[in-house]
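>>> Fold the following and give me the result.
(chains A and B)
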There are 2 protein chains.
Amino acid sequence: MAGEFSFIRWIQQQQAASSQVLAPAGDDMAVMRWLGDDLLLSAVDQVIDGVHFDSSKHSPRQIGKKVANRNLSDCAAMACLPAAALACVALPRGCGEQYAQELYLGMREALDQFSCPIIGGDTGSWDGKLVLSLTILGRSAGIAPILRSGAKPGDRIYVSGPLGGSILGRHLQFVPRVHLAREMAARYRISAMIDISDGLSRDLRHICDQSGVRAMLDSDLIPVHPDAHRLAQEDGTSALDHALHDGEDHELLLTSPDEIPDLTLIGRVEEGEGVYITRGGQAAPLLPAGWEHRL
Amino acid sequence: MAGEFSFIRWIQQQQAASSQVLAPAGDDMAVMRWLGDDLLLSAVDQVIDGVHFDSSKHSPRQIGKKVANRNLSDCAAMACLPAAALACVALPRGCGEQYAQELYLGMREALDQFSCPIIGGDTGSWDGKLVLSLTILGRSAGIAPILRSGAKPGDRIYVSGPLGGSILGRHLQFVPRVHLAREMAARYRISAMIDISDGLSRDLRHICDQSGVRAMLDSDLIPVHPDAHRLAQEDGTSALDHALHDGEDHELLLTSPDEIPDLTLIGRVEEGEGVYITRGGQAAPLLPAGWEHRL
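Below you'll find the model as predicted:
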């Protein structure tokens, strides 16, 4: 039966040292050079069987790709460039080395789009189900990182694409908006940004809480994805509610004092707190209904 | 019932920005300054319920401390200084926020010994058991990282302490040898180094494989921990075999052309491959019998 070290040897054949990565996976730690004028950004994100994917339906290639794209989307939300990644996997015992390889190749498929190497990792096996996490390192590369805390009254609120119904498949196939984020940050004054992972209502609240402002959305402006309409027909929840609350769209949600024709305007930042939405001219609080893990 | 975001708010109260960490956990990514003449080292290590700990016996404080110390021990193995860490946890649903807080405080207890902040993380909950991983970033801070690949024929082989029987409790309480590693690296020529996590026989083999050399151990020189003797009385395996094969001692194993009186000499590096041991003047291959995850 294949073991951890055979898998690690296989991984080592998939990668090479570079001018920046002096020692990739295979030692106790990976070693990189870092340009001191680049800020170093870092985040970790996991996918869990039965929560973020279903191992009985989704291929290891899809699962690996999803965890990588979630992390890449965090880079987009900060407008930084992906620099390197480390993977950590708890494998169901007996899944086989090929399954582990497919997870790796799925991550690589996503990360290779941004020339982001996997420089380290940890592999374990157990009687439980699959848990896969990825840590990503990013570099500012000439653009100051965009936090959630900078939104100001008077700013416009934008999203980068239509929302809702990602569960029908897009949660496995979304394109992290790294290039778009950096292009917007280079051309416009972006005061706050986040990627929509927990749902618009919840992620916009993060911006409001951390910026100390209120958001006023206009229900007529919310771009509703065709998948939200399809899902609405199945489950009776309105397409707009899917667009407002569904998670895992991974579109950018940002605020700016500027007019940005490339993005969809959905509302305004005001003084106050919380997230509100106008429907037929009436403003009402929009309570967060997106995803939250219960502890 | 407490949720993920309440836990994240609690974490935010435990930490602060610093001159190096410009934005800690709470945004999409943490932001750090990095000194360009410091090499950036990184690794990830996980602990899994039923494999690395037993949640029915071990407290969340112990579990958190263990995962942090495993990562700190990786820093020791490279002779770097811990700089920052990111935590990722899949929590059993219903474990409660206090349990999650205790995991965090256990990690902090270990990391605070090295002024190493937790700057980011991800929290999920599921129907499975606890999986906790930590990514650690280290900085070379004036000492070139010590790889596994530099051992040369003629080098001496050393360990930093007695081995075996860590399962009796030391696997939860070991002290990562960060300071010792850096002191040795500053005073002596260390050609290769690793921390003993999978067992001496297996970890020494990593050095041999990656350096292209043979190790010749002397059975009379192996420092056997009292716990190995205790365990030998319980299970009939010899104390020496426990010292040779048990994992999770997290002592340093290193090679050097120098005489190092602070450490215990256990053998020599020779031309060839594999790990050998002399018992009563007779050399025989020492097959790896330490821990390996089966996939």
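>>> Tell me where the longest helix sits in chain A.
Ranked by number of residues, the top helix in chain A under DSSP state H is helix A:60-78.
>>> Let me know the next secondary structure element after that one.
strand A:81-92 (DSSP states H and E).
>>> just the strands in chain A please.
A:21-23, A:30-32, A:40-48, A:81-92, A:118-126, A:131-139, A:156-159, A:192-195, A:214-218, A:252-256, A:264-270, A:274-279, A:282-285 (DSSP state E).
>>> lowest-confidence stretch among the ones you listed?
The minimum mean pLDDT among those belongs to strand A:21-23 (a mean of 82).
>>> Please compute how far it lies from its chain's middle.
Its chain's C-alpha centre and that of strand A:21-23 lie 27 Å apart, by C-alpha atoms, centre = their mean, to the nearest Å.
>>> Just confirm yes or no for that strand near chain B.
Yes. Using C-beta under 8 Å from any C-beta of the partner chain, a contact is recorded between strand A:21-23 and chain B, made by A:22, A:23. Where C-beta positions appear, they are placed from N, C-alpha and C, glycine not excepted.
>>> if we can go back for a sec, can you tell me which of the strands of chain A is most buried?
strand A:131-139 (a mean of 29; mean count of other C-beta atoms under 10 Å in any protein chain shown).
>>> and that strand, how far from the chain's centre?
Relative to the centre of its chain, strand A:131-139 is centred 11 Å away, using C-alpha atoms, centre = their mean.
>>> Packing partners of it?
Identification of packing neighbours for strand A:131-139 by 3 or more C-beta pairs under 8 Å, 6 or more residues apart in numbering or on different chains; DSSP states H and E yields strand A:40-48, helix A:60-78, strand A:81-92, strand B:40-48, strand B:81-92, strand B:131-139.
>>> For residue A:144, which of those is the nearest?
helix A:60-78 (9.6 Å; C-beta to C-beta).
>>> Outline the domain layout of chain A.
Using automatic domain parsing, the domain ranges for chain A come out as A:4-139, A:156-285.
>>> pLDDT below threshold where in chain A?
Within chain A, the ranges that satisfy pLDDT under 70 run A:1-2, A:290-295.
>>> Contact partners for the residue in it that chain B sits nearest to?
Minimum separation of chain A from chain B (C-beta to the nearest C-beta) falls at residue A:36, amounting to 2.4 Å. For residue A:36, the contact set (C-beta atoms under 8 Å, 6 or more residues apart in numbering or on different chains) comprises B:34, B:35, B:36, B:37.
>>> Can you say which of those are buried?
Buried subset of those (neighbour count, 16 or more other C-beta atoms under 10 Å in any protein chain shown): residue B:34.
>>> Now residue A:102. Nearest residue, chain neighbours left out?
residue A:60 (3.7 Å; C-beta to C-beta, 6 or more residues apart in numbering or on different chains).
>>> can you pull up the bridge partners for residue A:268?
Under DSSP bridges, the beta-bridge partners of residue A:268 are residue A:156, residue A:216.
>>> ok, back up a step: what about the residue of chain A closest to chain B? Give its phi and psi, please.
When read as degrees, to the nearest 10, the backbone of residue A:36 gives phi -60, psi -20.
>>> how much space is there between it and residue A:233?
From residue A:36 across to residue A:233, the span is 55 Å (C-beta to C-beta, to the nearest Å).
>>> follow-up on the earlier one: as TSV, the helices and strands packed on strand A:131-139 with distance to residue B:116 would be great.
Formatted as TSV, the helices and strands packed on strand A:131-139 follow (distance: least, C-beta to C-beta, whole Å):
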stretch	distance to residue B:116
strand A:40-48	13
helix A:60-78	22
strand A:81-92	16
strand B:40-48	12
strand B:81-92	4
strand B:131-139	7
